[in-house]
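In: Need coordinates for the below:
(one chain, ligands or ions: 1)
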Amino acid sequence: MMSLNEKTAARSREPLYQPLTVRGMTVRNRIVMAPMTRGFSPAGAPGPDVAAYYARRAEGDCGLIVTEGVAVDHPAALGDAGLDEKDVPYMAGDAVLAGWRNVVDAVHAADCRIVAQLWHQGVLRKPGTGPSPDVASVSPSGVWGPLGRQSSIAPESIPADPQVGDPMTEAQIEEASDAFVRCARNAIAVGFDGIALHGGHGYLIDNFLWEGTNKRDDRWGGDRARRGAFAVEIVRRIRAAIGEEYPIFFRFSQWKQQDFRATLADTPEELAEVLRPLADAGVDVFDASVRYFNKAAFEGSPLSLAGWAKALTGKCSMAVGGIGINQGVYDTAKTMAAVDNVELLLDRFERGEFDFVAVGRAMLGDAQWARKARSGEAIRAFDATADIRTLT
Ligand SMILES: Cc1cc2nc3c(=O)[nH]c(=O)nc-3n(C[C@H](O)[C@H](O)[C@H](O)COP(=O)(O)O)c2cc1C
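Out: Down below sits the predicted model:
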C-alpha cells in the first residue's frame, strides 16, 4: 500500500528549473517574468527604483525577464492607450540608455537574463497624448477596428467613427520600422540578452497582422502572408542588425483590446501562415499571449496556442496567462487569489508543448514567485491596486 507520504508527495517541479540555451543566451530555468507596463520611468529613463524592482525578481530565482513595453524611438509610438502610461520607458537617448544599463547590470548580477520588449502603440495611441502630443497616430489603414465588440478599452476612449486617421505612407512605414531596428541596436548595446517584439494586443505590429485594422491592398496588406510583411520586415532587419547571437522573442495574440474575440487564425493551417514567415525571418521564441495558458487554441486538439506555435514552426514557445492566479487578466468576476496550478502547467510542459512559462500578475504580487513555486512555500497574492500603484 502507498504510504500517505508517497500519496501526497508533491510532483517534482524540477523540469521547470532546467537551463535552456537559445542562440547565445543561456537561461537558468524556464520561469519568465511577463512584460508588464508600469510607468515609473520619468522622461522615459528607468531609475534605480526600476532596476531594484527587476533585480528583486531576478533574486527571487526568475530565469528571464521580459521588460515592460518600451516605446520605440518614433514620435507616434507612445500615448495613452488604456493604461496609466505617462512614464513608460523609451529605448533611446543617453540618460535613458544609462538607466537601462543599470537595470541590465542589476539583473545580470543575480544570474538572470533580460530581454527588452519593444513597443509601438499604433492605432491604440490616443491622439494628443504622449511625449509628442502634436503628431498624428499611425496605423496601416487608419482604422481603429470594428466597433461594438467586447473590448478592454474604456467606452470614452472608443472612437465614434472607426476611421481615425489616414493609412500609413510607405515613408511612414519605413520610419516606424527604422525605429524598431534602432532601438533593438540600442538595447543590445546596453547589454540586453535579446529582443522581444510586442506583436499583439491591438498595437502597431498587430494592426498590420489583423484584418480588422489592415485594409491595405499594397504589399503590406491582403492575405495573411501580406499582412505579416511588416512584422517580417522588422524581424528580418533586427536580425541583420544584431547578428546571430541574440534571440528574438515575438509576442502575438488572437485577441485585441479592441475585440477580445478577434482571431488572426481560425485553424492551425492559418496560424502557420502567420508564424512560419516570422520564424524564417529570425524569431526564436513565440510568446503566445492568451489569458488562460491551459486553454485549447483550436477545436479538435487540447494543444494551447503556445503549443501550436512550437509545433508549427519548430521554434521555442512561451506560455502565459493565469499562472499562479485564479483569474485571467481583465476578468473581474471572481475575487483574485493566488492558486497553485503548477501541476497543470507541468502536464503540458512535460509533453513538450512549450519551453518557457511567463508569469505576470503573480510575479508582481510576489517577487520570490519563481523560488517559492519550486519549494511550495506560501505565495503572497497579487493586489490589483497596491501592486500596480507602486513598484513592489
Ligand atoms: C499591469 C499589467 C501591464 C501589462 N503590460 C504589458 C506590456 O507592456 N506588454 C505586454 O505584452 N503585455 C502586458 N501585459 C500582459 C502580461 O504580459 C500578461 O500576458 C498577462 O498579464 C497575463 O499573464 P498573468 O495571467 O500571469 O498576469 C500586462 C499585464 C498587466 C497585468
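In: So which residues of the chain form helices?
Out: Assigned helices in the chain, in chain order: 4-8, 48-59, 94-109, 170-189, 204-209, 224-227, 229-242, 268-281, 305-313, 342-350, 361-365, 369-375, 386-389 (criterion: DSSP state H).
In: With respect to the ligand, which of those helices lies nearest?
Out: Of all the helices of the chain, the one in closest proximity to the ligand, counting by CB to the nearest ligand atom, is helix 361-365 (3.6 Å). The way it works is simple: take the backbone N, C-alpha and C, and place the C-beta from them, glycine included.
In: Distance from the chain centre to the closest one, please.
Out: Helix 361-365 has its C-alpha centroid displaced from the chain centroid by 15 Å (CA atoms, centre = their mean, to the nearest Å).
In: cool, stretch 247-257 as well?
Out: 6 Å.
In: anything in it near the ligand?
Out: Yes. Judged by CB under 6 Å from any ligand atom, stretch 247-257 comes into contact with the ligand through Arg251.
In: Endpoints of that stretch, how far apart?
Out: Taking CA to CA, to the nearest Å, stretch 247-257 runs 27 Å from one end to the other.
In: Kindly tell me how buried Ala189 is, as a neighbour count.
Out: 12 (other CB atoms under 10 Å).
In: One more: Ala187?
Out: Other residues close to Ala187 by other CB under 10 Å number 29.
In: Just list the residues touching the residue nearest to it when sequence neighbours are not counted, thanks.
Out: Nearest-residue entry for Ala187: Ala116, 4.1 Å, with adjacent residues in sequence omitted and distances by CB to CB, 6 or more residues apart in numbering. Residues in contact with Ala116 (CB atoms under 8 Å, 6 or more residues apart in numbering) are Thr67, Val70, Met91, Trp100, Cys183, Ala187, Phe192, Ile195, Ala196.
In: ok so, going back, as a markdown table, the helices of the chain with distance to the ligand and mean pLDDT would be great.
Out: Formatted as a markdown table, these follow (distance: least, CB to the nearest ligand atom, whole Å; pLDDT from 0 to 100):
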| stretch | distance to the ligand | mean pLDDT |
| --- | --- | --- |
| helix 4-8 | 27 | 47 |
| helix 48-59 | 13 | 98 |
| helix 94-109 | 15 | 98 |
| helix 170-189 | 15 | 98 |
| helix 204-209 | 10 | 98 |
| helix 224-227 | 20 | 98 |
| helix 229-242 | 14 | 98 |
| helix 268-281 | 16 | 98 |
| helix 305-313 | 12 | 98 |
| helix 342-350 | 11 | 96 |
| helix 361-365 | 4 | 96 |
| helix 369-375 | 10 | 96 |
| helix 386-389 | 6 | 88 |
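In: What separation is there between the residue nearest to Ala187 and the ligand?
Out: As judged by CB to the nearest ligand atom, to the nearest Å, Ala116 and the ligand stand 11 Å apart.
In: quick one on the thing from earlier: most tightly packed of the helices of the chain?
Out: Across the helices of the chain, averaging neighbours per residue (mean count of other CB atoms under 10 Å) puts helix 204-209 on top, at a mean of 29.
In: Can you give the distance from it to the centre of its chain?
Out: Centroid separation for helix 204-209 versus its chain: 14 Å, with CA atoms, centre = their mean.
In: Take that helix, keep the C-alpha atoms, and write them as PDB.
Out: Output in PDB follows, covering the C-alpha atoms of helix 204-209 (Å, rounded to 0.1, in the frame of the first residue of the first chain):
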ATOM      1  CA  LEU A 204       1.100  48.700 -34.300                       C
ATOM      2  CA  ILE A 205       2.600  45.300 -35.400                       C
ATOM      3  CA  ASP A 206      -0.700  43.600 -34.700                       C
ATOM      4  CA  ASN A 207      -2.600  46.300 -36.600                       C
ATOM      5  CA  PHE A 208      -0.800  45.000 -39.700                       C
ATOM      6  CA  LEU A 209      -1.400  41.400 -38.800                       C
END
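In: Need the residues that contact it.
Out: When contacts are defined by CB under 8 Å, 6+ apart, helix 204-209 is touched by residues 77, 120-123, 138-140, 176, 197-200, 213-214, 220-221, 227-231, 234, 252-253, 256, 264, 274.
In: what about 6 Å?
Out: Helix 204-209 is contacted from outside by 120, 122-123, 139-140, 199-200, 213-214, 227, 230-231, 264, using CB atoms under 6 Å, 6 or more residues apart in numbering.
In: Whatever residue of the chain ends up closest to the ligand: what's it in contact with?
Out: Nearest residue of the chain to the ligand: Gly360, at 2.6 Å (CB to the nearest ligand atom). Residues near Gly360 by CB under 6 Å, 6+ apart: Ala34, Met36.
In: Contacts only, for Ala77.
Out: Counting by CB under 6 Å, 6+ apart, Ala77 touches Ala71, His120.
In: can you give me phi and psi for it?
Out: Main-chain torsions, Ala77, degrees, to the nearest 10: phi -70, psi -30.
In: Quick one, grab the pLDDT at it.
Out: Ala77 is assigned a pLDDT of 97 by the prediction.
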